[in-house]
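1. Sequence and predicted model, in that order:
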Amino acid sequence: MTHPTLLVIAHGSRDPRHAATVHALTERVRAERPGLRVETAFLEFNAPSVPRVLERMAAQGADEVVALPLLLTRAFHAKTDIPSVLREARTRLPGLRVRQADVLGPSPLLNATLERRLREAGVRPGDVPRTGLVLAAAGSSDPEAIAVIAEIARELRHTGWCAVRPAFASASLPRTEDAVRALRAEGADRVAVAPYVIAPGRLPDRIAAGAEAAGADVVADVLGPASELARLLLDRFDEARVPVGASLSA
């Protein structure tokens with residue numbers, strides 16, 4: 001094979017909506033670039049696993065793989081879990097060159113997807129100047145990941161919202177409901193919540209529940225299999241590609 005395979009690595013979830021969304025996204029990637037082989041694997045909860053997919057590809061004659069973490073920030077899974085799995089695969093499958101691509105965020109394409117989901121949820125352009133926005137992420141104990149979310153919130157503040165606050169569904173504070181109430185206390189006429197999450201599951205449900213409990217006016221959908229997200233996956237794939245024969249160490 002002369003072209004690398006794109007292996008999209010998702011976290012996985014017991015919620016069936018998660019895997020369905022991941023597969024819908026990878027189908028969109030295939031449609032965006034016909035002829036590119038795109039495979040999907042999961043770290044846990046769902047099949048197939050990353051080692052199983054890599055073994056199958058090696059057996060089928062694949063020689064180069066770009067492993068792309070379906071993650072929005074460089075936290076534990078991107079820094080530890082996925083590199084560990086890929087190192088083990090390189091040892092077991094010496095004929096298969098594997099390179100890890102960068103995580104998806106931050107990116108203007110993610111911001112564009114957020115804005116589209118907010119429009120679909122009912123936020124009109126004229127609403128933005130009097131609307132406070134909660135950027136609700138999954139959460140992490142990694143300071144780098146938290147700092148990235150805070151910086152995205154600061155950037156979004158310059159796009160016309162009266163205020164923007166980050167919030168987290170786990171591991172970090174504030175929670176979504178606390179951020180909604182804070183924006184109300186600051187005088188926002190309306191409050192919208194934008195989940196900075198790719199697929200449905202337990203944490204996005206927690207975000208939605210917190211938004212509802214605090215009386216948010218608008219709750220957008222997760223990013224999902226958006227065309228912007230599919231293009232971003234291809235951008236990260238292209239950035240990670242290297243000439244055949246070059247060093248592919250992590």
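-> Structure's in. What do you need?
2. switch to C-alpha atoms for all contacts and neighbour counts from now on
-> Fine.
3. what's next to the helix or strand of the chain with the lowest mean pLDDT, contact-wise?
-> For the chain, counting by mean pLDDT, DSSP states H and E, helix 76 ranks last in confidence among helices and strands (a mean of 84). By CA atoms under 8 Å, 6 or more residues apart in numbering, the surrounding residues in contact with helix 76 are D142.
4. Recalculate using a threshold of 10 Å.
-> I82, S140, S141, D142, A145 (CA atoms under 10 Å, 6 or more residues apart in numbering).
5. Surely the last one is in contact with G139?
-> The reference is to A145. Yes - counting by CA atoms under 10 Å, A145 does reach G139; the two are 8.2 Å apart.
6. so where do the strands sit in the protein?
-> Secondary structure of the chain (DSSP state E): strands located at 5-10, 38-42, 64-69, 97-100, 131-137, 163-168, 190-196, 218-219.
7. and R56, which of those strands is closest to it?
-> strand 38-42 (10.6 Å; CA to CA).
8. how close does the residue of the chain most remote from its centre get to G132?
-> Distance to the chain centre peaks in the chain at G187, reaching 31.2 Å (criterion: CA atoms, centre = their mean). Between G187 and G132 the distance is 9 Å, computed by CA to CA, to the nearest Å.
9. okay, and the common contacts of these two?
-> With CA under 10 Å, 6+ apart, G187 and G132 have common neighbours C162, A163.
10. Which per-residue confidence value corresponds to the nearest residue to R14 once chain neighbours are set aside?
-> Excluding its sequence neighbours, the residue lying closest to R14 (CA to CA, 6 or more residues apart in numbering) is F45, at 5.8 Å. The model reports F45 with a pLDDT of 96.
11. How about the one 10 residues further on?
-> As summarised for this prediction, E55 has a pLDDT of 97.
12. on contacts alone, who are the packing partners of the helix ranked longest in the chain?
-> Longest helix in the chain by number of residues, with DSSP state H as the criterion: helix 16-32. Of the remaining helices and strands, those touching helix 16-32 by 3 or more CA pairs under 10 Å, 6 or more residues apart in numbering; DSSP states H and E are strand 5-10, strand 38-42, helix 227-240.
13. so which of the ones you listed gets nearest A31?
-> When those are compared by CA to CA, helix 227-240 sits nearest A31, at 9.2 Å.
14. which helices and strands does the closest one pack with?
-> Packing partners of helix 227-240 (3+ CA pairs under 10 Å, 6+ apart): strand 5-10, helix 16-32, strand 64-69, strand 97-100, helix 108-120.
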